[in-house]
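Chemist: return a 3D structure for these sequence lines:
(one chain, ligands or ions: 1)
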Amino acid sequence: MKILVINSGSSSIKYQLYRMPDQQVIAKGLLEKIGEEISFFNQKSQKGTLELRKQISTHEQGIMFILEMLADREQGVIASVKEISGIGHRVVHGGEEFTASVLITPEVVAKIQQYADLAPLHNPPNLMGITACTKSLPQAIQVAAFDTAFHHSLPPHAYLYALPYGLYKKFGIRRYGFHGTSHRYVSKRLAAILNRPIEELNVITCHLGNGCSMAAVEKGLSVDTSMGLTPLEGLVMGTRSGDIDPAIVFYLVDKGYAPADINRLLNKQSGLLGISEISNDMRNLIEARDKGDERARIAIEIFCYRLRKYIGSYLAVLGRTDAVIFTGGIGENNAMIRWECLKGLRELGIEMDETLNAQAVKGAEAKVSSAASKTGVFVIPTNEELQIANDTYEITHRLVKVQED
Ligand code: ADP
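Modeler: Numbers count the residues shown, from 1 in each chain. All right, here's what the predicted structure looks like:
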C-alpha cells in the first residue's frame, strides 16, 4: 500500500511517499515559493534528484504538480496516482476535539477551519493541502494528524491558565501544546530501544528545532508541555521569546507599539535572533560565540538555562524519570548544547557521559548518559512523517479491510 504524507505550509508543500507496512520512503520532495513568480521543486527518489523551476500559483496546482511528478513516466516512482491509497496531512491545531489522528470527513474539515482562529498561520494552509488532495485524488482515504493531539492527556491543572475560568469556557484559552507527533514518536522509539512497555516509562522529551518544546511523558501520556495556547510559550526558540512576563506586552503598548507589531516582535524578532542580533540559527551563533561575540554567548546561555529550568520542573512533575530525550535539528546534532543543558545534574539523577555525547553520530539513535546515571539521556532523531504515515496506514488499512469484508 502507498501512503503519501503531506505537510502543507503557507507557501510550501513538503511530501513523502511511503510503501507500507514496510515503511520504505519511495520518494520525498519539496515545492517552495508557491504563489511567487517562480516556484522551486525538488524530488528525491531512487531515480536521483529532480530539480525544477515552474510557476505554481496555488496549493491546488502544487498538489496536482506533485502527483504528476510522482507518476511521471521518466522521473516518477509510481505508474499511476491511483496507487496512492491514503494521504496523511499534518494539521497544526486540533483544539480539544482531536485526541488522535482521524479520517478526514466534512465535519473534520469544518473543525479544522474553526480552529484556524487559534492557529491562523498554520491551519488555513494545512486545509488548502487537504482540499487540493480531495479534488485531485478523490478515491484516496485522507487522514489528519494533529500537532496538538498527543497533549490531549494533559490534566486540567497543567492545561488551565490561572485566568478567569470564563475565558476557557468562552474562547478555549488553555494550554494545547504542539510538536505532539514528534514527542509521541521519540517516546515510542525509546520504549522500543529499551525493549520495555511504554506504560512503564516516564520521560522528558526535548524537541529543539527552529521551534522548541518539551514534554513530560508519563507512561506514554503527555502530562505537561512547554508550548501553550500557541507555540510562543516555553523555551527560547530561534525567533520566539518563549516565557515572558505578560505585563511586558502592556508596557510596550504604553510605549506606542501596536498589537500586531508586538506579535511580530515576540514571534519573529525575539529568541536567539533577538538577543544576539546575529542569527536565529544555532550553528551561526556557536560560530560567533567561538570568535568571541558576547551577545552570541549570552543568547546560547539563556537558551540552555531555560531548558534546564524546564528539566527541573518536569523531574518534579514526573517524580521518577527514566530518560531525557533530545530531538530536532539542535537536539539531534549538537553535543555541546546537550552538554550545556544537562551538565552538573548528578545530584538530580542525570549524569551525561561527555565522550558518548560527543561521539553521537548524526541521524543515529544513541545513549549519551553514563552507566551510573539514574535517568538515561538519549538522542533520538525524530520522524514526524513516519509517525503520520503509520497513523494513516492504520486507518486506511482498517477501512479498506471493512470495504473488502
Ligand atoms: P524545524 O523545527 O523547522 O523542523 P529542524 O528540527 O530541522 O527544524 O531544526 C532546524 C534548526 O536546527 C536550525 O535552525 C539550526 O539552528 C539547528 N541545527 C541544525 N544542525 C545543527 C548543528 N549541528 N548544531 C546546532 N544547531 C543545528
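
Chemist: going forward, measure contacts and count neighbours with C-alpha atoms only.
Modeler: Fine.

Chemist: can you list the buried residues in stretch 332-342?
Modeler: Neighbour-count burial for stretch 332-342, counted by 16 or more other C-alpha atoms under 10 Å, picks out 332-335, 337-342.

Chemist: which bits of the chain sit near the ligand?
Modeler: Contacts of the chain with the ligand, taken as C-alpha under 6 Å from any ligand atom, map to 209-211, 281-283, 328-330, 333-334.

Chemist: got the buried residues of stretch 332-342 as TSV, with secondary structure and pLDDT columns?
Modeler: Shown next, in TSV, are the buried residues of stretch 332-342 (DSSP: H, G, I helix; E, B strand; the rest coil; pLDDT from 0 to 100):
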residue	secondary structure	pLDDT
E332	helix	97
N333	helix	96
N334	coil	97
A335	helix	97
I337	helix	97
R338	helix	98
W339	helix	97
E340	helix	96
C341	helix	97
L342	helix	97
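
Chemist: now for those residues: which two are most distant?
Modeler: Distance extremes for those: the farthest pair is N333 and L342 at 15.4 Å, using C-alpha to C-alpha.

Chemist: got a ChimeraX select line for the buried ones in the residues of the chain next to the ligand?
Modeler: To isolate the buried members of these in ChimeraX, using 16+ other C-alpha under 10 Å:
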select :209,210,211,281,282,328,329,330,333,334
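
Chemist: show me what contacts the residue nearest in space to the middle of the chain?
Modeler: By C-alpha atoms, centre = their mean, the chain has its centre lying nearest to H179, at 3.5 Å. By C-alpha atoms under 8 Å, 6 or more residues apart in numbering, H179 lies in contact with 147-148, 207, 213.

Chemist: count of neighbours near A364?
Modeler: Number of residues near A364 (other C-alpha atoms under 10 Å) recorded here: 11.

Chemist: please enumerate the strands of this protein.
Modeler: For the chain, the strands defined by DSSP state E cover 2-8, 13-19, 24-32, 39-45, 48-54, 84-91, 102-103, 141-146, 202-208, 212-218, 221-225, 323-327, 366-367, 376-379.

Chemist: re earlier: same list (the contacts of H179) but as a markdown table, adding pLDDT and neighbour count.
Modeler: Below are these laid out as a markdown table (pLDDT from 0 to 100; neighbours: other C-alpha atoms under 10 Å):
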| residue | pLDDT | neighbour count |
| --- | --- | --- |
| D147 | 97 | 26 |
| T148 | 98 | 24 |
| H207 | 98 | 27 |
| S213 | 98 | 30 |
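
Chemist: can you pick out the most distant pair from the residues you listed?
Modeler: T148 and H207 (14.2 Å).

Chemist: ok now do S57, which residues does it touch?
Modeler: Here S57 is in contact with 34-36 (criterion: C-alpha under 8 Å, 6+ apart).

Chemist: please, a PyMOL command that selects the buried ones among the residues you listed?
Modeler: Buried residues among the contacts of S57 (16+ other C-alpha under 10 Å), as a PyMOL selection:
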select buried, resi 34+35
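
Chemist: tabulate the contacts of S57 (JSON lines), appending pLDDT.
Modeler: Shown next, in JSON lines, are the contacts of S57 (pLDDT from 0 to 100):
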{"residue": "I34", "pLDDT": "94"}
{"residue": "G35", "pLDDT": "93"}
{"residue": "E36", "pLDDT": "94"}
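
Chemist: and the contacts of S57, which is closest to the ligand?
Modeler: I34 (18.0 Å; C-alpha to the nearest ligand atom).

Chemist: from L137, how far out is that closest one?
Modeler: 20 Å (C-alpha to C-alpha, to the nearest Å).

Chemist: again with H59
Modeler: Taken as C-alpha to C-alpha, the span from H59 to L137 is 14 Å.

Chemist: counting neighbours, go ahead and name the busier of these two.
Modeler: The neighbour comparison of H59 against L137 (other C-alpha under 10 Å) goes to H59, with 27 against 20.

Chemist: and the pLDDT at the more buried one?
Modeler: In this model, H59 is scored at 94, pLDDT.

Chemist: how about the contacts made by it?
Modeler: 13, 34, 128-129, 132.

Chemist: among those residues, which are in helices?
Modeler: Mapping the contacts of H59 onto helices (DSSP state H) picks out 128-129, 132.

Chemist: could I get those residues as TSV with pLDDT?
Modeler: Formatted as TSV, the ones in helices among the contacts of H59 follow (pLDDT from 0 to 100):
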residue	pLDDT
M128	94
G129	95
A132	94
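
Chemist: out of the residues you listed, who's nearest S369?
Modeler: Among the ones in helices among the contacts of H59, and counting by C-alpha to C-alpha, the member closest to S369 is G129, at 41.6 Å.

Chemist: any idea how far the ligand is from that closest one?
Modeler: Separation of G129 from the ligand (C-alpha to the nearest ligand atom, to the nearest Å): 19 Å.
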